[in-house]
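**Q** Please find the sequence and the predicted model below.
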Amino acid sequence: MAGKGNNLMAIRHDVENLTRRGNIFYWRARVPSAFEKCKPGSRLSLSLHCSDHKKAQAIGRKLNMLVAELKLKRKEPMSKAQLQKLCEHERDMMLMHLEDVSMVARRYGRPADISELEMDLENGWAYRLLGMFGITHHLTLKDDCRGLAYLKQNGVPDSHIVAIGSNYFELLHEANTRGFKKGIQRLMHLFEISRHPLNEEKAMKAYFSGRAEALFDVSERHSLADRDLSELTGGPASRPQPAFTEVAPRKTTSPLSEIAAPADEVVEPLKPEARPILALDLTPSPGPATINEPVEEKTRLVVPVAEFEAECEKLVKNMDEAWDETTARDARALVRIFKGVLEEHGVEHTGQITQFHLGKLRQHFNDIPVNWGKSARMRAMSAPELRAEGEMLRERAKTEGKEATVGLKAATIRKHFGNLNHFLKHVRGHGFELDDWTFDGLRPKKPKIGSVRKQQHKPKPDEIKPIFSSPIYTGSLDHDRGRKKPGPHVFHDAAYFLPVMFSYLGARRLEFAGLALDDVAEDDGGLVLILRTNKFRRLKTEQSERLLPVPEELVRLGFLDYCASLQKLGYEAVFPELFSDKTLNDPGDRFYDVFLPIMKQCLGEKMWERALHAFRHGMADTLLQAGVPPLVIDDISGRLSQGGETSLRYTNPAGLPLMRDALSKYPIITAGIEPKPIKLLPWIEQRLPPPWAREAKNEARRRK
């Protein structure tokens with residue numbers, strides 16, 4: 001009975017403050033008097049949750065040195081609760097680390113293979129170099145490198161220098177990423193340690209030194225490996241080695257003592273028989289693979305820059321219906337620009353891209369021609385050539401006293417960075433590693449709400465009215481180049497009907513240009529347009545789906561007879577002349593190319609920017625000034641109202657009678673157009689392919 005009672009008593013061990021109660025080890029330390037917020041004589045008591053004496057000794061030494069380090073170096077006062085939490089964290093991290101190391105060793109199934117032990121030690125020396133020299137000093141481990149001298153001074157054989165260097169360079173790159181540094185800062189914040197550059201540097205040194213000592217502790221993990229087979233453990237090499245004279249290792253201090261030492265103090269290596277595992281683990285455990293995984297299994301997956309455009313096509317395919325062709329085209333353009341900038345700076349794959357290259361991309365946007373994408377010649381240029389073209393345009397504009405069309409606008413740059421973010425997410429999502437970059441300081445800010453109202457001209461009805469006196473409505477010479485010249489012919493097509501529709505209804509360009517004949521219907525109040533996704537185009541947003549009344553003026557000018565004529569010929573689109581038989585083109589863009597020269601001829605110097613989109617703003621402004629509620633205007637325009645619950649959740653969009661009443665407040669500006677018998681374009685009437693269509697240069701835009 002006496003023996004059984006003794007087993008429950010606390011038993012002291014050779015490690016200070018370590019005791020055993022039953023089968024469980026405890027660490028019980030007196031709080032140093034230097035901690036002014038703690039009561040004199042108070043103690044920290046902590047169960048180590050383990051019964052293995054070697055693990056308990058390692059954790060106990062680590063906690064003892066942690067308290068000593070905090071006592072000597074911490075300047076801010078620390079409470080007992082803070083100290084207790086910090087020690088508990090160190091215990092948990094160390095237990096997790098030791099368990100992970102043990103599991104990884106088992107996983108490889110080679111407990112007696114000396115190469116497993118060598119890889120642990122090589123990785124440990126890589127961490128030791130980072131702990132000694134920091135992350136801003138890049139060692140080469142060649143010739144007169146101080147890191148190489150340090151390794152040789154500590155008896156590291158020449159045959160292992162290359163492997164240690166490989167580990168070191170990879171770890172150095174990882175340590176300079178934002179993710180690593182944020183992990184350090186998160187844990188410092190968790191324990192309310194002040195974010196001071198000196199504290200952060202100490203924390204990183206403790207992290208590296210702790211990892212090194214954990215990897216050097218190979219006694220349990222590789223107990224079956226024969227130490228005589230490796231030079232790293234004092235035996236002959238397991239394979240032929242170059243001649244090397246070993247330098248006897250000197251006495252060393254513990255890792256945390258290294259951090260506490262002044263900068264000019266010589267820190268000696270650790271004795272093999274006394275390696276306390278002391279480190280403040282300031283990042284979440286990365287798992288066993290980063291502790292002692294073989295170098296060949298840690299190779300990062302990368303995407304070669306040469307394959308960026310192919311990878312972008314995979315992204316476009318993945319987005320499927322979420323992206324229309326315009327969005328996909330913008331993404332391809334961004335990837336092409338980014339690829340050019342990376343090639344200019346010698347980047348070969350994603351693993352070499354840094355924050356520096358994103359900055360170069362941002363500056364590149366400022367120096368390239370605005371319309372670079374519309375020129376096949378400029379699309380084929382390299383990044384330096386494109387900037388040189390922009391500089392030439394600047395010089396020419398300066399000579400002519402004009403404004404140079406160089407430098408992308410803020411909205412375009414924001415769009416490009418949005419597409420770049422999509423591309424980077426796609427690359428990461430497929431297992432390719434990238435640094436944690438930021439667009440802060442690069443992406444232009446969105447304009448303030450107060451300035452948005454001034455960005456787009458809102459033409460009044462009288463400003464639009466001159467368009468309806470053009471040869472399109474009074475008679476033109478022919479259906480082709482003579483469309484702008486007076487003549488006897490009035491053709492009914494998109495150029496005839498769409499300006500009327502845009503003026504009175506204010507829809508988006510593609511919404512009307514991509515209408516199908518099935519989208520024209522009739523209800524009790526008259527003709528309606530059903531705006532919905534069809535085979536010719538998708539809608540921009542969910543609220544874009546809506547019913548719109550057909551204006552009376554459109555009916556007066558023969559729109560219904562026009563649709564009937566197309567239906568008899570077997571067409572499905574309301575404006576078939578806007579579609580190519582060879583490419584997947586945007587019908588809104590085609591209409592823009594046809595009608596813009598006619599607008600310029602009619603309006604002259606009074607021509608406004610974003611000519612067609614301005615119709616939409618002009619209609620909304622005219623209705624607002626006539627007293628139409630903004631919510632009704634938004635429903636007509638297909639915008640999401642920024643109202644409260646009543647407008648967004650509890651009510652339906654404005655009905656057709658309400659819309660008809662609102663639209664009646666827009667003045668009639670087409671009364672001067674004389675209706676003519678329906679006359680289709682000759683090649684539409686003969687069902688011939690469009691004469692303007694060209695073969696696509698991009699395979700993705702080719703019509704199947």
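**A** Right, received. Where do you want to start?

**Q** Quick check: nearest residue in space to L658, chain neighbours excluded?
**A** V632 (6.2 Å; CB to CB, 6 or more residues apart in numbering). All C-beta spots, glycine's among them, are computed from the backbone N, C-alpha and C.

**Q** One more: F417?
**A** Nearest to F417 is R443, by CB to CB, 6+ apart, at 4.5 Å.

**Q** for R639, same thing?
**A** Q543 (6.7 Å).

**Q** how many other residues sit next to L46?
**A** Other residues near L46 come to 20 when the count uses other CB atoms under 10 Å.

**Q** and it, which of the three is it?
**A** Using DSSP: H, G, I helix; E, B strand; the rest coil, the three-state assignment for L46 comes out as strand.

**Q** what's the answer for T19, then?
**A** Three-state call for T19 (three-state DSSP): strand.

**Q** What score does it have for pLDDT?
**A** We have a pLDDT of 85 for T19.

**Q** correct me, but it touches A29?
**A** No. With contact defined as CB atoms under 8 Å, T19 and A29 do not form a contacting pair (10.7 Å).

**Q** between those two, what contacts are shared?
**A** The contact sets of T19 and A29 do not overlap (CB atoms under 8 Å, 6 or more residues apart in numbering).

**Q** Kindly provide the distance from A175 to K205.
**A** A175 sits at a distance of 11 Å from K205 (criterion: CB to CB, to the nearest Å).

**Q** Same question for E674.
**A** Distance of E674 to K205, given as CB to CB: 87 Å.

**Q** who has more neighbours, these two?
**A** Taking neighbours as other CB under 10 Å, E674 and K205 compare with K205 leading, 23 against 10.

**Q** So that one belongs to a helix, correct?
**A** Yes. Counting by three-state DSSP, K205 is found in a helix.

**Q** so it makes contact with F133?
**A** No. Between K205 and F133 there is no contact, the gap being 10.0 Å when judged by CB under 8 Å.

**Q** Mind pulling the model confidence for R660?
**A** At R660, the model reports a pLDDT of 90.

**Q** Neighbours of it, how many?
**A** The tally of other residues near R660 (other CB under 10 Å) stands at 17.

**Q** what do you get for S375?
**A** The local packing of S375 (other CB under 10 Å) involves 12 other residues.

**Q** Kindly report the same for the one 4 residues further on.
**A** Burial measure for R379: 13 neighbouring residues, criterion other CB under 10 Å.

**Q** ok, back up a step: helix, strand, or coil at the residue nearest to F417?
**A** Per three-state DSSP, R443 ends up coil.

**Q** Which residue lies closest in space to the residue nearest the centre of the chain, excluding its sequence neighbours?
**A** Centroid-nearest residue in the chain, with CA atoms, centre = their mean: N421, separated by 3.1 Å. Distance criterion CB to CB, 6+ apart; nearest residue to N421, sequence neighbours excluded, is F439 at 7.2 Å.

**Q** Please identify which helix or strand holds that neighbour.
**A** Secondary structure assignment for F439, by DSSP states H and E: no helix or strand.

**Q** my read: it touches F417, true?
**A** Yes. Taking contacts as CB under 8 Å, F439 lies within contact range of F417: 5.4 Å.

**Q** For the two, indicate the residue with more neighbours.
**A** Each of F439 and F417 has its neighbours counted (other CB under 10 Å); F417 has more, 19 against 15.

**Q** which residues does the nearest residue to P549 once chain neighbours are set aside contact?
**A** Closest residue to P549 apart from its sequence neighbours, by CB to CB, 6+ apart: R660 at 4.8 Å. When contacts are counted by CB under 8 Å, 6+ apart, R660 touches 525-526, 549.

**Q** which among those residues end up buried?
**A** Among the contacts of R660, those classed as buried by 16 or more other CB atoms under 10 Å are P549.

**Q** Dump the strand or helix carrying Q567 to PDB, restricted to CA.
**A** Taking DSSP H and E as the definition, Q567 sits inside helix 559-568. Extracted in PDB, the C-alpha atoms of helix 559-568 (Å, rounded to 0.1, in the frame of the first residue of the first chain):
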ATOM      1  CA  PHE A 559     -42.300  48.000 -86.600                       C
ATOM      2  CA  LEU A 560     -45.000  45.400 -86.500                       C
ATOM      3  CA  ASP A 561     -45.100  45.000 -90.300                       C
ATOM      4  CA  TYR A 562     -41.300  44.900 -90.300                       C
ATOM      5  CA  CYS A 563     -41.300  42.000 -87.800                       C
ATOM      6  CA  ALA A 564     -43.900  40.200 -89.900                       C
ATOM      7  CA  SER A 565     -41.800  40.500 -93.100                       C
ATOM      8  CA  LEU A 566     -38.800  39.000 -91.300                       C
ATOM      9  CA  GLN A 567     -40.900  36.100 -90.000                       C
ATOM     10  CA  LYS A 568     -42.100  35.300 -93.500                       C
END
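
**Q** lowest average confidence, helix or strand, in the protein?
**A** Within the chain, confidence by mean pLDDT, DSSP states H and E is lowest for helix 255-260 among all helices and strands, at a mean of 34.

**Q** Below-threshold pLDDT in the stretch 51-200 of the chain: ranges please.
**A** The stretch 51-200 of the chain contains residues with pLDDT under 70 at 69-88, 90-92, 94-113, 186-193, 195.

**Q** switch the cut-off to 80
**A** Across the stretch 51-200 of the chain, the ranges flagged by pLDDT under 80 are 51-55, 61-62, 64-117, 120, 178-200.

**Q** ok, which stretches of it are helices?
**A** Taking DSSP state H, counting those that start in this stretch as the test, the helices found in the stretch 51-200 of the chain are 53-73, 80-108, 114-133, 146-153, 161-175, 178-190, 197-216.

**Q** right, and F559 touches L498 too?
**A** No. Counting by CB under 8 Å, F559 does not reach L498; the two are 10.8 Å apart.

**Q** Which pLDDT value belongs to the residue nearest to N421?
**A** Looking at F439, its pLDDT reads 83.

**Q** what does the one 10 residues further on give?
**A** With respect to pLDDT, I449 has a value of 59.

**Q** cool, and G431?
**A** Looking at G431, its pLDDT stands at 83.

**Q** Next, count neighbours for it.
**A** Neighbours of G431 under the rule other CB under 10 Å: 8.

**Q** So for it, what's the nearest residue that isn't a sequence neighbour?
**A** Among residues not flanking G431 along the chain, L301 sits closest, at 5.5 Å (CB to CB, 6+ apart).

**Q** Next up, the contacts around the one you found.
**A** For L301, the contacting residues are 431-433, by CB under 8 Å, 6+ apart.

**Q** Need those residues in JSON lines (columns: secondary structure and distance to L232).
**A** Listed next are the contacts of L301 as JSON lines, based on DSSP: H, G, I helix; E, B strand; the rest coil; distance: CB to CB, whole Å:
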{"residue": "G431", "secondary structure": "coil", "distance to L232": "33"}
{"residue": "F432", "secondary structure": "coil", "distance to L232": "34"}
{"residue": "E433", "secondary structure": "coil", "distance to L232": "30"}
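
**Q** of the residues you listed, closest to H138?
**A** Using CB to CB, E433 comes nearest to H138 of the contacts of L301, at 20.4 Å.

**Q** The closest one reaches T350, doesn't it?
**A** Yes. Counting by CB under 8 Å, E433 does reach T350; the two are 7.4 Å apart.
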